[in-house]
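Asker: From the sequence below, what's the structure:
(one chain, ligands or ions: 1)
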Amino acid sequence: MSQILVFLGPPGAGKGTQARVVAKELGIPHISTGDILREAVREKTGLGLAAKAKIDKGELVPDEVICGIAEERLSKPDCVGGAILDGFPRTIAQADFLEGLLQRTGRGKPLVLNIDVATESVLRRLTGRRTCSTCGEIYNIYMNPPRQDGICNKDGGRLIQRADDNEEAIRTRLKAYEEDTSPLIDFYKRRNVLHHVDGSGEPEAITERLLSFVKTHDYL
Ligand code: ADP
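Answerer: The predicted model follows:
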């Protein structure tokens, strides 16, 4: 049966970087609510205009909005073989919603991977993050710099810094994580679906750990 993988972890844990690679490797979609929202902001849709201020400050977007986005995306045909959720759920209300949705659609419980990182390393990861404006590839100027400053190795696109990767927004995001998202660790532990993966070290080493976990747990 197809299963949904949920990547949990604080901002800067490497969820997005890893989810992109692992999804590609497994041949399933990578669903990032943050990416969907940023795309809506770029395209100036109603959703984007409503969400922009909250995202830029590092605050969470309301549960109803996010749950609607997730439901719509998960109902697309490319998700029948599974998907990786990155950045959703982020609150207990969202996790309850997802649980109901997966039950209703006969998918059963998700497999939840918590990417463990020390909080000290998170700030450097976030302030150093740069993203390709065309293909979305993620770099870090301290740990994983592009070959040429400001230019994507893959397609030569311009690298940009996210509006919410400044110190004040980062502080707000970390607070939102502590208050709203970290309770999900217990939520999923009680359902016996939570697993921990060491998120320290080189990105490639973390990918290997995630993939070997997924393979040994008979995912897909
Ligand atoms: P990060 O995990 O690096 O902080 P994301 O790209 O996942 O960043 O999310 C960026 C912003 O988008 C969040 O700070 C929040 O404003 C909004 N967002 C994304 N996913 C959710 C969600 N599930 N619930 C509420 N807000 C969300």
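
Asker: Within range of the ligand, give me the residues from this protein.
Answerer: 11, 33-34, 37, 54-55, 58-61, 66, 87-88, 90, 94, 164, 173 (CB under 6 Å from any ligand atom). Bear in mind the C-beta positions are built from the backbone N, C-alpha and C, glycine included.

Asker: from those residues, which ones fall inside helices?
Answerer: Mapping these onto helices (DSSP state H) picks out 33-34, 37, 54-55, 66, 94, 173.

Asker: From those, pick the one nearest the ligand.
Answerer: Distances from the ligand to these, taken as CB to the nearest ligand atom, are shortest for residue 34 (1.9 Å).

Asker: Would you mind confirming that residue 97 is in contact with residue 91?
Answerer: No: here residue 97 lies out of contact with residue 91, judged by CB atoms under 8 Å, at a distance of 9.3 Å.

Asker: list residues touching both of these two?
Answerer: Between them, residue 97 and residue 91 share these contacting residues under CB atoms under 8 Å, 6 or more residues apart in numbering: residue 63.

Asker: can you tell me which residues contact residue 129?
Answerer: Residue 129 touches 12, 138-140, 161-162, 165, counting by CB under 8 Å, 6+ apart.

Asker: And the residue of the chain positioned farthest from its centre, how far from residue 33?
Answerer: Within the chain, residue 148 marks the point farthest from the mean C-alpha position, 26.4 Å out by CA atoms, centre = their mean. Using CB to CB, to the nearest Å, residue 148 is found at 31 Å from residue 33.

Asker: what distance separates stretch 25-37 from the middle of the whole chain?
Answerer: Distance of stretch 25-37 from its chain centroid, counting by CA atoms, centre = their mean, to the nearest Å, is 8 Å.

Asker: If you count neighbours, what's buried in it?
Answerer: Neighbour-count burial for stretch 25-37, counted by 16 or more other CB atoms under 10 Å, picks out 26, 28-37.

Asker: Also stretch 144-158?
Answerer: Those would be 144, 146, 152, 157, for stretch 144-158 by 16+ other CB under 10 Å.

Asker: Distance to residue 110 added to those residues, as TSV?
Answerer: Below are the buried residues of stretch 144-158 laid out as TSV (distance: CB to CB, whole Å):
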residue	distance to residue 110
144	28
146	34
152	32
157	33
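
Asker: In JSON lines, list those along with distance to residue 208 and pLDDT.
Answerer: Listed next are those as JSON lines, based on distance: CB to CB, whole Å; pLDDT from 0 to 100:
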{"residue": "144", "distance to residue 208": "16", "pLDDT": "90"}
{"residue": "146", "distance to residue 208": "22", "pLDDT": "97"}
{"residue": "152", "distance to residue 208": "24", "pLDDT": "98"}
{"residue": "157", "distance to residue 208": "27", "pLDDT": "97"}
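
Asker: just checking, what packs against the helix or strand containing residue 101?
Answerer: Assigned by DSSP states H and E, residue 101 falls within helix 92-104. In terms of contacts (3 or more CB pairs under 8 Å, 6 or more residues apart in numbering; DSSP states H and E), helix 92-104 is packed against strand 4-8, helix 63-74, helix 183-190.
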